[in-house]
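**Q** sequence and predicted model, in that order:
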Amino acid sequence: MTETLDNNLQKQADAKLFCTVCKSVANRVLKIIKDKLSKDNIDMALDGICKKVGATDLCRRFIKKYREKLIDAIAAGGTANNICKSLKLCNDLRLHFQ
């Protein structure tokens, strides 16, 4: 029981960190590409983005796992918050407590 609880808490912590990294990465990419939302521009902007964002190891894992989905979501337009919500990385916390 305790192990399951610890595991769930770790997953929630990882999810929160991925949400934060997603927003940071999406914001940086949006600033770099401005209104040039082509997938090629987004893909190029993602190269080396982790050095600019910080949390390098976590950022690299995030990019490796979500790169293609992130490119598609950014290309579709929107804010960093909406992009990360569309990837189901950031949720409205109120939904979890209802």
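**A** Received, thanks.
**Q** from here on, just use CA atoms for contacts and neighbour counts.
**A** Will do.
**Q** pick out the residue nearest the middle of this structure.
**A** residue 22 (1.9 Å; C-alpha atoms, centre = their mean).
**Q** look at it and give its secondary structure.
**A** helix (DSSP: H, G, I helix; E, B strand; the rest coil).
**Q** for it, give me its contacts.
**A** Contact analysis of residue 22 by C-alpha atoms under 8 Å, 6 or more residues apart in numbering lists 62, 80, 84, 89.
**Q** so what pLDDT did it get?
**A** pLDDT, residue 22: 92.
**Q** same question for residue 96.
**A** pLDDT at residue 96 comes out at 41.
**Q** all numbers from here: first residue = 40
**A** That works, and once the first residue is 40, the last one we named lands at residue 135.
**Q** so where's the protein uncertain?
**A** 40-54, 94, 131-137 (pLDDT under 70).
**Q** could you pull out the strands for it?
**A** Using DSSP state E, the chain contains no strands.
**Q** helices along that one, start to end?
**A** 41-72, 78-85, 88-92, 95-114, 119-125 (DSSP state H).
**Q** for the last one, give me every contacting residue.
**A** In this case it means helix 119-125. Counting by C-alpha under 8 Å, 6+ apart, 58, 61-63, 65-66, 69, 109, 112-113, 116, 129-130 sit against helix 119-125.
**Q** quick one: buried ones out of those residues?
**A** Buried members of the contacts of helix 119-125, counted by 16 or more other C-alpha atoms under 10 Å: 58, 61-63, 65-66, 69, 109, 112-113, 129-130.
**Q** closest to residue 81 among these?
**A** residue 113 (7.5 Å; C-alpha to C-alpha).
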